[in-house]
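Enquirer: Fold the following.
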Amino acid sequence: MVSYDETDVALVEKILEKYHSLNHTPADGTYTIMAALALTSPDPDLPAQVITLATGCKCLPEDRLPEQGDALHDSHAEVLARRCALRWFLEEIGRHVVGGGHSQWLTKGRDGMFSLKHGVSMTMYISTPPCGDASMRFLASYQEEEMAKIKDASIFEPLPKGLASRGRDNYALLGVLRTKPGRADSPPTLCMSCSDKIARWNVLGIQGALGSAFLHPIYISKIIIGEVPERLQGDVRTDCERAFWARLSDVSALPPPFHVHQPQVVFTPIPFKFSKLSVSPSGAARSSNESLCWIADSTVPHEILINGLKRGVPPKHRFKTMFRPQLSKSSIFKLYCDTVLLLRGDGQSCGYPPYPMKTCTYFEVKQRISHYQAAKARLLGEGCTFSGWVTSGILRESFTAMPPDIAHGQVEVAGT
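Expert: Take a look at the predicted model:
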């Protein structure tokens, strides 16, 4: 009989309670995946705070990727929850400045950079093992015998060292990079699996390049995973540990304070009502086309996305600035610029990047965060552990801080 930590149980219950309060559920007969991030403190008077929550299991095919950063490439729950967290941290920095230097969770160092307060840790909840390397044996355990025989008899070309496997091709190979989606009959994408992305966050932190202009690396300390029966927990824990950090043993010479982080992997017996196995124990349910994104303390209500765009927006308006998802690259870029302006306007210019010029692109700004790029090169560079990482390319990150609809005079700009 497996025992579960009472604190973890209480946190999962809190996350599920927040999800149900948002009054959004998948369509009948469809399932989704949920992920959330929470901050916890050793201070008994400071309860855990769920800072982000997201659902989703879709991503855009390569031929539908936007060039202006105005739609989400990857709408898997784990990825959306991480992007929500980036937005929450940037907004919390803003609240820190406006609130006279107060934050329950962040502290500002002498170098001007923000980090989690001493003792504060981040926990991730995922309703099922993440796609990719961490879930290969978990998924295989639910395959029908006939399908298992077909896969066993399938012959794939040998996977060259360093390259990513497409979906669940070469499914018997463990520890390799994989792209989404898992289904072979789905259009190919340029999105890496959630297992691979979590591993990346365990080296570079969840704050990404733009967040690294203001934040020291923020790592996930614990990952709570649902839907894993006790009989499989040993294997799934082994697979998750390999996928999340053990396969990174060759990563070296990272610039401080970057390092290979090893989050604790635990399980929860609390079911998510809309998981695949809850909706259809036989696994025959369809995946939901919609994604939910919620950010704590935000002035923006939660958003529902479909095909990477906000649901309910007429096609002719979808790419206007005011209708872009708050997690899109263009929206995050704007928040980054606002954060630079706020910090430098507060008399804190030392150490912070200059406000981007109108012609400066999203890609160029990210490249200027040199300490992050140096760490990234030790993970993804030629000959490195994740050198086979697939990207969407510079073309799709060559948009500027001033969106086309403003630059071309399609919308009014305050003060003009």
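
Enquirer: ranges for the helices of the stretch 301-416 of the chain?
Expert: In the stretch 301-416 of the chain, the helices defined using DSSP state H, counting those that start in this stretch lie at 329-345, 362-367, 370-380, 404-407.

Enquirer: Which parts of the stretch 201-350 of the chain are strands?
Expert: Remark: strands assigned in the stretch 201-350 of the chain by DSSP state E, counting those that start in this stretch are 220-225, 264-267, 286-287, 290-295, 303-306, 309-310.

Enquirer: List the neighbouring strands of the second one plus their orientation.
Expert: Strands adjacent to strand 264-267 in the sheet, as given by DSSP bridges, are strand 220-225 (parallel).

Enquirer: And the partner strand, what's buried?
Expert: Neighbour counts over strand 220-225 (16 or more other C-beta atoms under 10 Å) mark Ile220, Lys222, Ile223, Ile224, Ile225 as buried. All C-beta spots, glycine's among them, are computed from the backbone N, C-alpha and C.

Enquirer: can you check stretch 67-78 too?
Expert: Of the residues in stretch 67-78, those buried (16+ other C-beta under 10 Å) are Gln68, Gly69, Asp70, Ala71, Leu72, His73, Asp74, Ser75, His76, Ala77, Glu78.

Enquirer: Kindly reformat these as TSV containing pLDDT, distance to Pro325 and secondary structure.
Expert: Shown next, in TSV, are the buried residues of stretch 67-78 (pLDDT from 0 to 100; distance: C-beta to C-beta, whole Å; DSSP: H, G, I helix; E, B strand; the rest coil):
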residue	pLDDT	distance to Pro325	secondary structure
Gln68	90	13	coil
Gly69	92	10	coil
Asp70	91	8	coil
Ala71	93	7	coil
Leu72	95	6	coil
His73	95	11	coil
Asp74	97	12	strand
Ser75	97	10	strand
His76	98	15	strand
Ala77	98	15	helix
Glu78	98	17	helix
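
Enquirer: Would you convert the residues you listed into a markdown table that also reports distance to Phe363?
Expert: What follows is the buried residues of stretch 67-78, written out as a markdown table (distance: C-beta to C-beta, whole Å):
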| residue | distance to Phe363 |
| --- | --- |
| Gln68 | 13 |
| Gly69 | 10 |
| Asp70 | 15 |
| Ala71 | 17 |
| Leu72 | 18 |
| His73 | 14 |
| Asp74 | 18 |
| Ser75 | 22 |
| His76 | 23 |
| Ala77 | 26 |
| Glu78 | 24 |
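
Enquirer: ok, of the residues you listed, which one's closest to Leu277?
Expert: The shortest separation between Leu277 and any of those is 15.6 Å, and it belongs to Ala77 (by C-beta to C-beta).

Enquirer: The closest residue to that closest one other than its chain neighbours in helix, strand or coil?
Expert: Distances taken as C-beta to C-beta, 6 or more residues apart in numbering place Ala35 nearest to Ala77, at 3.9 Å, with adjacent residues excluded. Per DSSP: H, G, I helix; E, B strand; the rest coil, the secondary structure class of Ala35 is strand.

Enquirer: Can you give me the distance of Ala35 to Ser298?
Expert: Distance, Ala35 to Ser298, by C-beta to C-beta, to the nearest Å: 17 Å.

Enquirer: who's more crowded, the two?
Expert: Ala35 (26 against 16; other C-beta atoms under 10 Å).

Enquirer: Make sure that one is actually in contact with Thr128.
Expert: No: if you go by C-beta atoms under 8 Å, Ala35 and Thr128 don't touch, sitting 9.6 Å apart.

Enquirer: Give the helix, strand or coil label for Arg168.
Expert: coil.

Enquirer: For Ile51, see how far away it is.
Expert: Arg168 is 32 Å from Ile51, by C-beta to C-beta.

Enquirer: Looking at the two, which one has more neighbours?
Expert: Set Arg168 next to Ile51 and count neighbours by other C-beta under 10 Å: Ile51 wins out with 24 against 20.

Enquirer: that older thread, can you pull up the bridge partners for the residue nearest to Ala77?
Expert: Ala54, Ile126.

Enquirer: count of residues packed around the residue nearest to Phe323 when sequence neighbours are not counted?
Expert: If the residues on either side of it in the chain are set aside, Phe323 comes closest to Val313, at 4.7 Å by C-beta to C-beta, 6+ apart. By other C-beta under 10 Å, the residues close to Val313 number 16.
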